[in-house]
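> using only what follows, build the 3D model:
(3 chains)
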Amino acid sequence: MKHTLGELAALLQGELKGPPDLVIEGIAPIDQATPREITFIAQKRYARRAGASLAGAFIVAPDLADLDRPLIIVAHPYLAYARVAATFAPPLKRWPGISNQACLGRELKLGRDVSIAPLVFIGERVRLGDGVTIMPGCFLGDEVQVGAGTLLYPNVTVLERCIVGERCTIHSGTVIGADGFGFVPTPAGNEKIPQLGTVVIADEVEIGANCTIDRGALGETHIGRGVKMDNLVHLAHNVTVGEHSMLVAQVGVSGSTKIGQRVILAGQVGLTGHLELGDGVQVGAQSGVTRSVPAGQDVSGSPAFPHKEWLRSMATLPKLPELHQRLKRLEKQLAELAAKLDKEPET
Amino acid sequence: MKHTLGELAALLQGELKGPPDLVIEGIAPIDQATPREITFIAQKRYARRAGASLAGAFIVAPDLADLDRPLIIVAHPYLAYARVAATFAPPLKRWPGISNQACLGRELKLGRDVSIAPLVFIGERVRLGDGVTIMPGCFLGDEVQVGAGTLLYPNVTVLERCIVGERCTIHSGTVIGADGFGFVPTPAGNEKIPQLGTVVIADEVEIGANCTIDRGALGETHIGRGVKMDNLVHLAHNVTVGEHSMLVAQVGVSGSTKIGQRVILAGQVGLTGHLELGDGVQVGAQSGVTRSVPAGQDVSGSPAFPHKEWLRSMATLPKLPELHQRLKRLEKQLAELAAKLDKEPET
Amino acid sequence: MKHTLGELAALLQGELKGPPDLVIEGIAPIDQATPREITFIAQKRYARRAGASLAGAFIVAPDLADLDRPLIIVAHPYLAYARVAATFAPPLKRWPGISNQACLGRELKLGRDVSIAPLVFIGERVRLGDGVTIMPGCFLGDEVQVGAGTLLYPNVTVLERCIVGERCTIHSGTVIGADGFGFVPTPAGNEKIPQLGTVVIADEVEIGANCTIDRGALGETHIGRGVKMDNLVHLAHNVTVGEHSMLVAQVGVSGSTKIGQRVILAGQVGLTGHLELGDGVQVGAQSGVTRSVPAGQDVSGSPAFPHKEWLRSMATLPKLPELHQRLKRLEKQLAELAAKLDKEPET
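Numbering: from 1, shown residues only, chains lettered A, B, ... in the order given. As a prediction, the model looks like this:
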């Protein structure tokens, strides 16, 4: 795929400084780009690498407009990078139409231009919207619905009655709709609570590889519009994730917890059950949240508390043995002083 | 599916207060239930929501027997909920019989009423008990045994010679019998220790989605009767889990560790290798256990120590910078006092 | 499989003490071995168990050469165990040749003696080296390359253009080449950054079950020769892992982090993005590394700091409430002393 620099500038609605007919064949990091490729400078501190870069052109912010190289000047170079990368992305490889090596259940309702690869199993009364892509090895249980434009990568499992919205991407190995972890302890053992609910995933959600999204015990586990989840994330039954929230890899969320909009959970975070995290909450990596967090607050630690306080506590933690020693010394000194003082009046 | 309130009261061996012929079509949370549904109050503090609930009937404990609504009064409403939910659970959808789109190895021994779906691969000399269900995309290696009544959800992998007991449930994406992580460091690299053992899973075990249960290096990895494991749990080679223990999501257990009976490991807990956790031990979420724990003890933290002490330490941790300041002030004050005292005798 | 003790001594280049024609049928732990099996004593403290062991022979280090049992004396008994275990390992069960129940794309290039099982899907222009084994349920996308002697266990997913080296082992459920987690936050939501790179895995790498190795955003995610990864490990886009490093179960590595050679990351460790870990670094279990670590350093904690300091801090942590009390007492005593002193001059 090739574009001219002028085409890319137009695409980005950016200001062009340089030859509009320069041919660009790809995008690459500043230290790897060749003269046939464009690169980008998202942070001013990387500008000093421009001199040594072989890149044919640069996407930069206005504060680097005086760089003496072919430029496209835009307000947000990182976003521009994403958009240029999209123009160079190879088209998705889809199986053409419905494979006769897929196993299809009865009463399958298909939109236009659906792709079902070989080795796919689809249950009964399933509905797939226009342009849905189901790659090899996927399983869709009875009455599953998948919205228009959604892509299921290979070996995804979507169990019965779960609903996936439009323009979603589900990566390989992810399991949607397994039973929630619900048992009642009894003297004879742990008695299973049947998990009767479903999973409902709104539009434009992306879910990473090998995630597990459990169905509700009663009612649904809900993932809001535009949510992005990394790999190996676990959502327990009846969790709610608000719109545009981001869950980084290996996060685990316990049952019935409600996560607000535009929340960010960093990697390996764990949330206990029945919490509420308000809109815009950010949780630091590996934190364990055990209480609800009001909107806009940042927390860290396990158990988590406000992020700034946590930073201070963590800065002090390595000094703890030294503080212990100083405390001991003080105790000794004070005791000596007191003893001296007790004696002195007698002298 | 429909039941009368009288039928449900009989099922629960509970006391009926209300019309026995009231038709109930499902069970739902107290704030979502409709007049055709029953709900339950498992904790007295939720009783105040009963007034606003549209539920047709309530399962309650004896202390709420005076609630002026149709009631079933039982000793344990939460357990009763589990049992009523079971009566409303849709029947498991099984492939009728043995699919001719499954790949079956030689000398397969089948009990009665076995279901093998399309796209299943089964190795040689495999034995499947009465009523076993193998859903699409599963792989069973040579000489695998699966006990009567056990259910393997789609895309489960059970490698050669592993044994799964009766009435077990294995959720999608779980891998049983991958090689344990055993290498000997040498100057030339890490030399693999062949993993010759197996995995043995007793009866009535439930294992969540995308778990990994490694085979023993020599001998077996063993999961006891009635154990329940959530999603994304990792058990290393030669781990033993005692009866009725519960492992919550994303727990990891290192090699040769022995977990007692009715142990509870909360979410994201990690155990190092070669430990023993006694019966009834409970480990708090995200804890890292590095020493054996005697029966009945609760531990938390990473590294873990007794839970009550951990609670106190964690309550103090956010004050650490303040304690540091107070210590500094004390040191200064004491030095001043000492200096003053040194001078005074001279006056 | 059977070997004589003499054969095993020759294999290990060890010193034989005992009957060379003794028939050995397997290897087992010291307390489980039968007279037809050999065992090993890797640490001298286990030598006292030798008396009660039924084992037919022992692999020992020179310091146990006076044990009055049939012996093979070697410098490294644990390594010898690995090698004897290899001689008793059952041969890998491979599908003979290319199954006609696999779906093969165009322009597939095959070495000699390739095994492709049923229910495998292979895209276009894929290259598989001599002796490659692809087990059931695997997916290989377009232009994937797999080197000679490599084994893909069932239900592995390798997405388009990723490259796996020679003599590698990839365990079940692992996903190689899913999109990295890259989004640009905008007022309208999180805009996806196309992930245009690949994954390149060098020779003799072993990757556990249900891992996720994301493709580079631009450029590649790289796993060096001889790296060993346990189960449920996550590598984000553009991560580099140096030769012979070991990543224990449930480790997560964020984007663009560079891990040196012979690094050891213990279980559940998390690394933030854009770090550099030097050669030989060791990170303790559950640690969270937020800064680069120089070669040879050991760190622990979340956030991590030098391991020895961390040990001391963790030893003090449980005393924190007590230290708080002692600090309060000191403050009170000092105030009393100061008050007393203030008064005294007046007396």
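
> domains of chain A?
A:3-88, A:103-309 (automatic domain parsing).

> just how off-centre is the longest one within its chain?
Which is domain A:103-309. From the chain centre to the centre of domain A:103-309 is a distance of 12 Å (CA atoms, centre = their mean, to the nearest Å).

> pLDDT of it, averaged?
Per-residue pLDDT values across domain A:103-309 average out to 98.

> one more: the shortest one?
The pLDDT scores in domain A:3-88 average 95.

> do it and chain C meet?
Yes. Using CB under 8 Å from any CB of the partner chain, we find that domain A:3-88 touches chain C at A:27-29, A:32, A:76, A:78-79, A:81-83, A:85-86, A:88. In short, each C-beta sits where N, CA and C put it, glycine included.

> cool, the longest one as well?
Yes. Under the criterion of CB under 8 Å from any CB, domain A:103-309 makes contact with chain C via A:117-119, A:135-137, A:153-155, A:169, A:171-173, A:204, A:206, A:208-210, A:225-226, A:228, A:230-232, A:243-244, A:246, A:248-250, A:267-268, A:285-286, A:302.

> tell me which element A:Val84 falls in.
Taking DSSP states H and E as the criterion, A:Val84 maps to helix A:77-88.

> tell me the buried residues in that helix?
The neighbour-count check on helix A:77-88 (16 or more other CB atoms under 10 Å in any protein chain shown) flags A:77-85, A:87-88 as buried.

> from the contact counts, what lies against that helix?
helix A:5-12, strand A:26-27, strand A:37-40, strand A:57-60, strand C:183-186, strand C:189-192 (3 or more CB pairs under 8 Å, 6 or more residues apart in numbering or on different chains; DSSP states H and E).

> for the first one, the distance to its chain's centre please.
When you say that, I think you mean helix A:5-12. 30 Å.

> still on that earlier bit, and the residues of domain A:103-309 next to chain C, which of them are buried?
A:117-119, A:135-137, A:153-155, A:169, A:171-173, A:204, A:206, A:208-210, A:225-226, A:228, A:230-232, A:243-244, A:246, A:248-250, A:267-268, A:285-286, A:302.

> those: which ones sit near chain B?
Okay, of these touching chain B (CB under 8 Å from any CB), that's A:119, A:137, A:155, A:173, A:210, A:232, A:250, A:268, A:286, A:302.

> okay, these in TSV with secondary structure next?
Output for those, formatted as TSV (DSSP: H, G, I helix; E, B strand; the rest coil):
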residue	secondary structure
A:Leu119	coil
A:Gly137	coil
A:Asn155	coil
A:Gly173	coil
A:Asn210	coil
A:Leu232	coil
A:Gln250	coil
A:Gln268	coil
A:Gln286	coil
A:Ser302	coil
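
> now those residues as CSV including distance to A:Asp66?
CSV is the format used below for those (distance: CB to CB, whole Å):
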residue, distance to A:Asp66
A:Leu119, 56
A:Gly137, 53
A:Asn155, 51
A:Gly173, 48
A:Asn210, 47
A:Leu232, 45
A:Gln250, 44
A:Gln268, 43
A:Gln286, 43
A:Ser302, 48
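
> mind checking how far A:His307 is from chain B?
Distance, A:His307 to chain B, using CB to the nearest CB, to the nearest Å: 11 Å.

> and that residue, what is it in contact with?
Going by CB atoms under 8 Å, 6 or more residues apart in numbering or on different chains, A:His307 touches A:282, A:284, A:298-300.

> same thing but 10 Å
A:His307 is in contact with A:282-284, A:287, A:297-301, counting by CB atoms under 10 Å, 6 or more residues apart in numbering or on different chains.

> now swap in A:Pro91 and tell me
By CB under 10 Å, 6+ apart, the neighbours of A:Pro91 are A:Met1.

> next: A:Thr39.
Neighbours of A:Thr39 in contact, by CB under 10 Å, 6+ apart: A:26-33, A:46, A:49-50, A:53-60, A:69, A:77, A:81, A:84, C:218.

> any idea which residue sits dead centre in chain A?
Residue closest to the mean C-alpha point of chain A, counted by CA atoms, centre = their mean, is A:Met229 at 3.3 Å.

> what pairs with that one across the strands?
For A:Met229, the beta-bridge partners are A:Ile207, A:Leu247 (DSSP bridges).

> for it, give me its contacts.
Here A:Met229 is in contact with A:170-171, A:174, A:205-208, A:211, A:213, A:223, A:235, A:241, A:245-249, A:251, A:265, C:181 (CB under 10 Å, 6+ apart).

> for A:Leu337, same thing?
Contacts of A:Leu337 by CB under 10 Å, 6+ apart are B:334, B:337-338, B:341, C:333-334, C:337, C:341.

> narrow these to those in helices?
Secondary structure from DSSP state H places B:334, B:337-338, B:341, C:333-334, C:337, C:341 of the contacts of A:Leu337 in helices.

> output these as CSV; include the columns pLDDT.
Formatted as CSV, the ones in helices among the contacts of A:Leu337 follow (pLDDT from 0 to 100):
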residue, pLDDT
B:Leu334, 91
B:Leu337, 87
B:Ala338, 87
B:Leu341, 79
C:Gln333, 92
C:Leu334, 91
C:Leu337, 87
C:Leu341, 79
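
> can you name the two of the residues you listed that are farthest apart?
With CB to CB as the measure, no two of the ones in helices among the contacts of A:Leu337 lie farther apart than B:Leu341 and C:Gln333, at 14.7 Å.

> mind checking how far the nearest residue to A:Asp298 once chain neighbours are set aside is from A:Val293?
Nearest residue to A:Asp298, sequence neighbours excluded (CB to CB, 6 or more residues apart in numbering or on different chains): A:His307, at 3.8 Å. The gap separating A:His307 from A:Val293 is 11 Å, by CB to CB, to the nearest Å.

> what touches both of the two?
Contacts common to A:His307 and A:Val293, judged by CB under 10 Å, 6+ apart, are A:282-283, A:299.

> out of those residues, which is most surrounded?
A:Val283 (28 neighbours; other CB atoms under 10 Å in any protein chain shown).

> ok, that one touching A:Val289?
Yes. Applying CB atoms under 10 Å as the test, A:Val283 and A:Val289 come out as touching, 5.9 Å apart.

> what is in contact with those two at once?
The contact sets of A:Val283 and A:Val289 overlap at A:265, A:269-271, A:277, A:299-301, A:304 (CB under 10 Å, 6+ apart).

> contacts only, for A:Gly273.
By CB under 10 Å, 6+ apart, the contact set of A:Gly273 is A:236-239, A:253-257, A:290, B:267.

> same thing but 8 Å
A:Gly273 neighbours (CB under 8 Å, 6+ apart): A:236, A:254-257.

> follow-up on the earlier one: give me whichever of the domains of chain A is most buried.
Mean neighbour count (mean count of other CB atoms under 10 Å in any protein chain shown) peaks for domain A:103-309 among these, with a mean of 23.

> and the stretch 51-200 of chain A, which residues reach chain B?
Near chain B, when you scan the stretch 51-200 of chain A using CB under 8 Å from any CB, you find A:103, A:119, A:121, A:123, A:137, A:139, A:141-142, A:155, A:157, A:159-160, A:173, A:175, A:178-179, A:181-184, A:186, A:189-194, A:196.

> rerun at 6 Å
Residues of the stretch 51-200 of chain A lying near chain B by CB under 6 Å from any CB of the partner chain: A:103, A:119, A:121, A:139, A:142, A:157, A:173, A:175, A:178, A:181, A:183-184, A:189-191, A:193-194, A:196.
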